[in-house]
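Q: Turn this into a model:
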Amino acid sequence: MNKVITTERIPVKLWLDDIEDGALDQAKQLANLPFAYHHIALMPDCHLGYGMPIGGVMATNNVIVPNAVGVDIGCGMCAVKTSLNIQATDKEFIKLVMGTVRNNIPIGFQHHKEEQQWNGFNNAPDNEIINQELESAMKQIGTLGGGNHFLEIQKDEYDNIWFMIHSGSRNIGLKLAKHYNQVATELCQRWFSNIPEIKGEDGLAFLPMNDKLGVEYLEVMKFACDFAYANRQKMMFKIMEIIKNLTSKHKGINVSFDEPINIHHNYANLENHFGKNVWVHRKGATSARLNEIGIIPGSQGTASYIVRGLNNPDSFMSCSHGAGRKMGRKQAQKQLVLADEIKRLDDAGVVHSVRNVEDLDEAAGAYKDIDTVMKNQTDLVEIVTTLKPVAVIKA
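A: Purely as a prediction, here's the structure:
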């Protein structure tokens, strides 16, 4: 831990020194919420978000705050280790794999033309928003989406090839998040709740868990998390199939795969901390219980990490979910130099698609230094595997 702020109702504990003023102000607002419990924890990738900073962890007494879960409910990571060694590949083969992946996994606003199968659709909650979005969701499951989502080929310290995915619950998660934030806002205004900034997308409106609306939100949040998990799983299984087929055809190699690691970093969960059952909100934060395996991706062109949790109670047994932004998207497009960012990736030998100024919003220069982020959380996780990028597809 780097610092503790004690000026608010409850302390704010920070695992970073370079926090922007806006994110710190948001954390102080959280610390003054009447239902916030024990302290607020800010992970080393923390930066400004909607209502609650991304990279923030908040425990609450008997309420859930939709904006403290985030708009991409269940967003997270999936990674798989293959038996394929980097020495058995070449740049043209890597490009072939990535091109085939791009042709088979819809990216951005694209979706499948046909409905995809998932058992969760059969057990979906009877909910107005889910019912409205279910038909679209059946074509969006197994797709990457936009923003900072990505597909990446990586190599570990022993030159074994890995594949990593960052994606979430697509449009259905977004619609649920916005709807229940609005529901919570209307309830809090009706009750004259004395909490800051309860209006709009930056609001901190809450839903009580002893009320049917709180229970309803929990049910749909879990559905969105399950959808996001299945979304990453479907993409990973498709990638495994592609790699298996291409290596057999072009290299004469039979590839095997370890069990995929698949985790969330946007959700709320009932947990026991400091002797009490509380709702832990992780918004851009990863669970790091004792020996729990997690994934901390770097920015485009930098290292990512497979980690093991150390069970630190001060972080509510959490760690960072990535490197964390240091520039907004428009700021990055205005301030970063395209030639420099391309050179950074080319020098690292990474197959990439950074071509235009518009691509700079997800360039490495827009993010914090992952080495510093990892150094700031040695009391939260230990590194199991270091992964270096080989090729990346950004949404």
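Q: Show me what secondary structure element comes after the helix or strand containing A79.
A: Using DSSP states H and E, A79 sits in strand 76-85. The helix or strand immediately downstream of strand 76-85 is helix 91-104, counting by DSSP H and E.
Q: can you pull the contacts of Y305?
A: I295, I296, P297, G298, I370, M374, I383, V384, T385, T386, L387 (C-beta atoms under 8 Å, 6 or more residues apart in numbering). Backbone N, C-alpha and C define where each C-beta goes, glycine included.
Q: most neighbours, which of those?
A: Within these, I296 tops the neighbour count with 28 neighbours, counted by other C-beta atoms under 10 Å.
Q: Show me the beta-bridge partners of A285.
A: S320 (DSSP bridges).
Q: follow-up on the earlier one: so which of the contacts of Y305 are in helices?
A: Members of the contacts of Y305 lying in helices (criterion: DSSP state H): I370, M374.
Q: which one among the contacts of Y305 gets closest to L33?
A: Lowest distance from L33 to the contacts of Y305 (C-beta to C-beta) belongs to I296, with 27.8 Å.
Q: Give me the helices and strands touching the biggest strand by length in the chain, please.
A: Secondary structure assigned by DSSP state E gives strand 381-394 as the longest strand of the chain. Applying 3 or more C-beta pairs under 8 Å, 6 or more residues apart in numbering; DSSP states H and E, we find strand 381-394 packed against helix 91-104, strand 150-155, strand 160-167, strand 293-296, strand 304-309.
Q: so where's the stretch 51-200 of the chain uncertain?
A: 194-200 (pLDDT under 70).
Q: now with 90?
A: Applying pLDDT under 90 to the stretch 51-200 of the chain flags the ranges 51, 88, 147, 189-200.
Q: again with the stretch 251-395 of the chain
A: Ranges of the stretch 251-395 of the chain meeting pLDDT under 90: 300-301, 327-329, 332, 340-342, 344-355, 358-366, 394-395.
Q: can you give me the strands for it?
A: 261-264, 266-273, 276-283, 285-287, 293-296, 304-309, 318-320, 381-394 (DSSP state E, counting those that start in this stretch).
Q: chain center to the longest one: distance?
A: Put plainly, it is strand 381-394. Relative to the centre of its chain, strand 381-394 is centred 15 Å away, using C-alpha atoms, centre = their mean, to the nearest Å.
Q: Going along the chain, name the helices of the stretch 201-350 of the chain.
A: Along the stretch 201-350 of the chain, the stretches classed as helices by DSSP state H, counting those that start in this stretch are 212-251, 329-335, 338-347.
Q: I'd assumed I10 was in contact with F274.
A: No: judged on C-beta atoms under 8 Å, F274 makes no contact with I10 at a distance of 11.5 Å.
Q: between these two, which one's more packed in?
A: The neighbour comparison of F274 against I10 (other C-beta under 10 Å) goes to I10, with 18 against 12.
Q: Contacts only, for the spatially most central residue of the chain.
A: Closest to where the C-alpha atoms of the chain average out (C-alpha atoms, centre = their mean) is G76, at 3.9 Å. Neighbour list for G76: H166, S167, G168, A228, Y229, R232, N262, I263, H264, H265, N266 [criterion: C-beta under 8 Å, 6+ apart].
Q: what about E241, neighbour count?
A: For E241, the neighbour count with other C-beta under 10 Å is 11.
Q: Now do the contacts for it.
A: No contacts exist for E241 under C-beta under 8 Å, 6+ apart.
Q: can you offset everything so residue one is 471?
A: Will do, 471 is the new start, and the previous item becomes E711.
Q: That one and V550, how far apart?
A: Using C-beta to C-beta, to the nearest Å, E711 is found at 12 Å from V550.
Q: hang on, the earlier thing: joint contacts of F744 and I480?
A: With C-beta under 8 Å, 6+ apart as the test, F744 and I480 both reach H508.
Q: re the thing from before, pick the most deeply packed of the helices of the stretch 671-820 of the chain.
A: Mean neighbour count (mean count of other C-beta atoms under 10 Å) peaks for helix 682-721 among those, with a mean of 19.
Q: Quick check: closest non-adjacent residue to A802.
A: Closest residue to A802 apart from its sequence neighbours, by C-beta to C-beta, 6 or more residues apart in numbering: A836 at 3.8 Å.
Q: hang on, the earlier thing: what angle separates the strand holding A549 from strand 736-743?
A: Interaxial angle, strand 546-555 versus strand 736-743 (axes from the mean of the first three to the mean of the last three C-alpha atoms, to 10 degrees): 100 degrees.
Q: next one: strand 546-555 to chain centre, how far?
A: That offset, for strand 546-555, works out to 17 Å (C-alpha atoms, centre = their mean).
Q: just stretch 623-639 next, same as before
A: How far stretch 623-639 lies from its chain's middle: 15 Å, per C-alpha atoms, centre = their mean.
Q: for stretch 748-767, same thing?
A: Remark: stretch 748-767 is offset 11 Å from the chain centroid, using C-alpha atoms, centre = their mean.
Q: And the helices in the stretch 471-620 of the chain?
A: Going by DSSP H, counting those that start in this stretch, the stretch 471-620 of the chain shows helices at 491-501, 536-539, 561-574, 589-592, 598-610.
Q: Format the ones you listed as JSON lines; extra columns: distance to I623.
A: Shown next, in JSON lines, are the helices of the stretch 471-620 of the chain (distance: least, C-beta to C-beta, whole Å):
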{"stretch": "helix 491-501", "distance to I623": "32"}
{"stretch": "helix 536-539", "distance to I623": "31"}
{"stretch": "helix 561-574", "distance to I623": "6"}
{"stretch": "helix 589-592", "distance to I623": "28"}
{"stretch": "helix 598-610", "distance to I623": "24"}
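Q: so which of those gets nearest L621?
A: L621 lies closest, by C-beta to C-beta, to one member of the helices of the stretch 471-620 of the chain: helix 561-574, at 6.1 Å.
Q: Please identify the buried residues of the closest one?
A: Within helix 561-574, the residues that count as buried by 16 or more other C-beta atoms under 10 Å are I564, L566, V567, M568, T570, V571.
Q: Looking at these, which is nearest T655?
A: V571 (40.4 Å).
Q: How about the contacts made by A654?
A: A654 makes contacts with V535, P536, I668, G673, A675, F676, L677, L683, Y687, as judged by C-beta under 8 Å, 6+ apart.
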